[in-house]
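[1] task: produce atomic coordinates for the following.
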Amino acid sequence: MELNHARWRKSTRSSGNGGACVEVAGNLPGMIAVRDSKDPDGPTLTFTPAAWQTFLTRITDRR
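    Below is the predicted model of the structure:
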């Protein structure tokens, strides 16, 4: 999976003190990528756009 051209953005819910930070790349064709900003070379989760929307809906419903 090619992530070299990913444009990562930090979640608006991430803390600014170096804590739990999630970055999302939504500019990749047919996929959304998610990583831990503290480990940018570490593992990455990928979702189809439909699966990402389902994930966001489900976590939003739990608030």
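[2] where exactly do the strands run in this structure?
    For the chain, applying DSSP state E gives strands covering 8-10, 22-28, 31-36, 44-47.
[3] just the ones you listed: most buried one?
    strand 31-36 (a mean of 18; mean count of other Cβ atoms under 10 Å). (Glycine included, C-beta is placed from N, CA and C.)
[4] returning to what we had before: between the strands of the chain, which gets nearest to residue 62?
    strand 22-28 (16.1 Å; Cβ to Cβ).
[5] who's in contact with residue 13?
    residue 22 (Cβ atoms under 8 Å, 6 or more residues apart in numbering).
[6] how far away is it from residue 60?
    11 Å (Cβ to Cβ, to the nearest Å).
[7] next: residue 53.
    Taking Cβ to Cβ, one finds residue 53 at 10 Å from residue 60.
[8] these two: who's more crowded?
    When residue 53 and residue 60 are compared for neighbours, residue 53 comes out ahead with 12 against 8, by other Cβ atoms under 10 Å.
[9] could I get the pLDDT score of the more buried one?
    According to the prediction, residue 53 has pLDDT 95.
[10] what do you get for residue 63?
    63.
[11] over to residue 14?
    pLDDT, residue 14: 68.
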